[in-house]
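Student: quick check, what structure comes out for this input:
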Amino acid sequence: MKRVLALMLAMMMVVCSLASCSTLEGEDKGSIITLYFGDEVYDLDPTQSYTNEVVAQLTTLMYEGLTVLDSNGNWKKGMMDKYELLQDDDGNTKLQITLRESKWSDGRTVQANDFVYAWKRLIEPSFQSDAACLLYDIKNARDIKMGDKTVDDLKVSAVETYVLEIEFEHEVDIDAFLRTCASPALVPLREDKAGVSEDWAKKSSTMVTNGPFDIRKITYGSEFRLERSSYYYRDTEKNQALDKYVIPYRLRVLFSNGDEAGQLEKFNLEEVTAESVYYIADIALASRGEYADKAVVSNALNTYSYYFNTENELFKDAKVRKALSMALDRAAIAETLVFADAATGLVPAGVSDVKVKDDFRANGGELVSTSADVAAAKNLLKEAGVTKGSFSITCRNDEVDLAVAEIAKKAWEDLGFKVTIEKTGTKEVPSSNANESAVYDDLYTEAYKTGDFDVIAVDMQAIANDAYAVLAPFATKYSGGGVDMTSDTYDVIKHVTGYESADYDKLMDEVYDAEGAEARSQKLHDAEAKLLEDMPVIPVVFLKNAYISNSKVLSGFSTTFWGTTDFRNVKMKDYMKYKEIIEAEEFTGV
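Tutor: Next up, the predicted model:
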């Protein structure tokens, strides 16, 4: 009898191995999970994810870079299978990276040229992104961004279909570079998709992804549909199970500006209906106290900040900017938001310092006070000769932005200013193709990029596990704006704040040229102190990601280093029952 049982067990293990231990039966593809992410987004270009935490969440589900970061901030293999360091005849180091076998969501293999295209796009002088500075270690990158060389001079190439070769401008810490390669902004992109239209990242028909999920339908004002990529690391020739690497079949992502309370009601429904929500990443402000001990909370590497337009006459004097900063009670703002800590500097907690396990913020100390000092603020304004004036706060139309704006408005009006709050919206862009739906321009993003603001609220996401990624864009040559190719003098495009300081620029050059991690770290701390002395940006709070999920229905969540939720291994109990209910509701999209 024991021999029979052993034989049966062995046979079951063989069958399980051949089927990749799939839990799917027949035509079943897996669970459909309804999620609420908060305010809707209109552009999923990963190079622009640093001002919107919802875009950051979505793009980490859709794309994967050469490396990824574990929960401690160390790199591990993503699209990279292996790497090798080579030296040419001149003693220059080259990094060769061989890719793992994987495919895009349309079945085409992920190739080295996809990284080459994505990185060259970032370095184009006409392309605006704070992430450009992450590639400045690559030979000629900075000269290209400044318009002194062409993008073809960037020393990154596909020496074979699946082998990427990189040459560096100077000696680099390869471990640190591979950690930077995990940035959500450095993922591969397809030239035949991203290169065909400025609106490619606004339409599901022009997006392909190399991550665990593919975006299949978009219904602006309502929801996005993400579905499991059938090709994410999956060996189709070996007939590996559909759910081998990604368990859920579909993520039904809901958006609704200003309806956080309504989504909580759907979360708390006793009976499962097509309206039920099983996961909420944006808990209604009024209910956060109730859920503070129930939510899963993590560092978001995000400093909620106010950027000044320093070219505005009212804000040209740093004393005025510092006075407005001093008037804010950051502790009170953090208490209002619940899932936040009062900011003590610009670089958020969780970003590494000399060693990965070191925390840059903890080492840097408190550079801004968590409490308000109204008397000192008024004295600074008197020194600057500015005791009144009018300006606006530009922000998205969501609960957090508006709550913080109201607190800031009162504090700044108590100093004698007249302050208005400008809530941004969208602008419909009709498609020239009769078969395609309209897309939308986000007026917040437009205001941010063009500098059309007095003060603007920014979810300032750290786009790499390095303080340099946060601080460098404020330096002129590192801003990511490149040069104005339409001007006669090819003017360098400054940071969106308009901030320009020869001293700060010099410090960032010293960071770039520093030899050794400790020397580089000290220069970065000096740069942060200088930046907050000049105050073109006010750090307000360190945002935290917090979510609640229906534990009776869902399990298997994990949190990434960026604080976003990893849904690859999420399981739904009795999911066939929930699928039938959800699929009964008609879904339409573009």
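Student: what's the following helix or strand after the worst-scoring helix or strand of the chain on mean pLDDT?
Tutor: Here the helix or strand of the chain ranked lowest by mean pLDDT, DSSP states H and E is helix 2-18, holding a mean of 44. Read in the C-terminal direction, the helix or strand following helix 2-18 is strand 32-38, with elements assigned using DSSP states H and E.
Student: partner strands of that next one and their direction?
Tutor: According to DSSP bridges, strand 32-38 has the following sheet partners: strand 250-255 (parallel), strand 279-280 (parallel).
Student: could you export it as CSV, CA atoms only?
Tutor: Extracted in CSV, the C-alpha atoms of strand 32-38 (Å, rounded to 0.1, in the frame of the first residue of the first chain):
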residue,chain,number,x,y,z
ILE,A,32,-10.5,39.2,-11.6
ILE,A,33,-9.7,41.7,-8.8
THR,A,34,-11.3,45.1,-8.4
LEU,A,35,-9.0,47.7,-7.0
TYR,A,36,-9.3,51.5,-6.2
PHE,A,37,-6.1,53.5,-6.8
GLY,A,38,-7.5,57.0,-6.3
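Student: domain ranges for this protein?
Tutor: Per automatic domain parsing, the domain ranges recorded for the chain read 20-63+211-278+550-590, 64-194, 299-544.
Student: I'd like to know which of those domains lies nearest to Trp200.
Tutor: Comparison of the domains of the chain against Trp200 by C-beta to C-beta identifies domain 64-194 as nearest, at 5.1 Å. For the C-beta atoms, the positions are set from N, CA and C on the backbone; glycine is no exception.
Student: circling back to that earlier point, ok, which of the strands paired with strand 32-38 comes nearest Ser205?
Tutor: Using C-beta to C-beta as the measure, strand 250-255 is the one of the strands paired with strand 32-38 that comes nearest Ser205, at 17.8 Å.
Student: can you give me the strands in the stretch 251-400 of the chain?
Tutor: Secondary structure of the stretch 251-400 of the chain, counting by DSSP state E, counting those that start in this stretch: strands at 279-280, 296-308, 340-342, 389-396.
Student: as TSV, the domains of the chain with distance to Lys202 would be great.
Tutor: Conversion of the domains of the chain to TSV gives the following (distance: least, C-beta to C-beta, whole Å):
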stretch	distance to Lys202
domain 20-63+211-278+550-590	6
domain 64-194	12
domain 299-544	4
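Student: tell me where the model's unsure across this protein.
Tutor: Scanning the chain for pLDDT under 70 picks out the ranges 1-22, 257-258, 431-436, 585-590.
Student: ok, back up a step: let me have the domains of the chain in JSON lines, extended by distance to Ser287 and mean neighbour count.
Tutor: As requested, the domains of the chain are exported to JSON lines (distance: least, C-beta to C-beta, whole Å; neighbours: other C-beta atoms under 10 Å):
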{"stretch": "domain 20-63+211-278+550-590", "distance to Ser287": "6", "mean neighbour count": "19"}
{"stretch": "domain 64-194", "distance to Ser287": "28", "mean neighbour count": "18"}
{"stretch": "domain 299-544", "distance to Ser287": "9", "mean neighbour count": "19"}
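Student: what's the following helix or strand after the helix or strand where Leu164 lies?
Tutor: Using DSSP H and E, the secondary-structure element containing Leu164 is strand 163-167. Using DSSP H and E, the next helix or strand after strand 163-167 towards the C-terminus is helix 174-180.
Student: run through who's touching that following helix.
Tutor: 66-67, 69, 73-75, 80, 83, 85, 95, 134, 137, 186, 356, 464-466, 469, 517 (C-beta atoms under 8 Å, 6 or more residues apart in numbering).
Student: of those residues, which belong to strands?
Tutor: By the criterion of DSSP state E, membership of those in strands covers Thr67, Leu69, Trp75, Met80, Tyr83, Leu85, Leu95.
Student: wait, which of the residues you listed is closest to Arg234?
Tutor: The nearest member of the ones in strands among the contacts of helix 174-180 to Arg234, counting by C-beta to C-beta, is Met80 at 17.9 Å.
Student: skipping its backbone neighbours, what lies nearest the closest one in space?
Tutor: Counting by C-beta to C-beta, 6 or more residues apart in numbering, Met80 lies nearest to Leu66, which is 4.4 Å off, once chain neighbours are set aside.
Student: close enough to count as contact, that neighbour and Ile97?
Tutor: Yes - with contacts defined as C-beta atoms under 8 Å, Leu66 counts as touching Ile97 at a distance of 6.2 Å.
Student: identify the contacts common to the two.
Tutor: Once C-beta under 8 Å, 6+ apart is applied, the residues that Leu66 and Ile97 both contact turn out to be Met80, Leu164.
Student: returning to that earlier point: closest one of the ones in strands among the contacts of helix 174-180 to Ala327?
Tutor: The nearest member of the ones in strands among the contacts of helix 174-180 to Ala327, counting by C-beta to C-beta, is Leu69 at 36.6 Å.
Student: what segments of the stretch 401-550 of the chain are strands?
Tutor: Defined through DSSP E, counting those that start in this stretch, the strands belonging to the stretch 401-550 of the chain, from first to last, are 417-424, 426-429, 439-442, 455-461, 537-549.
Student: and Lys217, which of those is closest to it?
Tutor: When the strands of the stretch 401-550 of the chain are compared (using C-beta to C-beta), the closest one is strand 439-442, at 13.7 Å.
Student: ok, and what's touching that closest one?
Tutor: With contact meaning C-beta under 8 Å, 6+ apart, strand 439-442 is reached by 41-43, 199, 202-203, 220, 424, 426-429, 431.
Student: swap in 6 Å and give it another go.
Tutor: The set of residues that contact strand 439-442 without belonging to it, under C-beta atoms under 6 Å, 6 or more residues apart in numbering, is Tyr42, Asp199, Lys202, Tyr220, Thr426, Lys427, Glu428, Val429.
Student: so what's Asp45 up against?
Tutor: With contact set as C-beta under 6 Å, 6+ apart, Asp45 has these partners: Ala201.
Student: which non-adjacent residue is nearest Thr236?
Tutor: Closest residue in space to Thr236, ignoring its immediate chain neighbours: Ser230 at 7.7 Å, by C-beta to C-beta, 6+ apart.
Student: report the secondary structure state of the one you found.
Tutor: Using DSSP: H, G, I helix; E, B strand; the rest coil, the structure places Ser230 in coil.
Student: next, it: phi, psi?
Tutor: Taking degrees, to the nearest 10, you get phi -70, psi -10 for the backbone angles of Ser230.
Student: check the gap between it and Asp243 for me.
Tutor: With distances taken as C-beta to C-beta, to the nearest Å, Ser230 is found 10 Å from Asp243.
Student: who's the closest spatial neighbour of Tyr575, skipping the chain neighbours?
Tutor: Once chain neighbours are set aside, the closest to Tyr575 by C-beta to C-beta, 6+ apart is Ser31, at 3.6 Å.
Student: quick one: contacts for the residue nearest to Asp106 when sequence neighbours are not counted?
Tutor: Spatial nearest neighbour of Asp106, chain neighbours left out: Val208 (4.9 Å); criterion: C-beta to C-beta, 6+ apart. Contacts for Val208 were tallied using C-beta under 6 Å, 6+ apart; they are Trp104, Ser105, Asp106, Arg190, Lys193.
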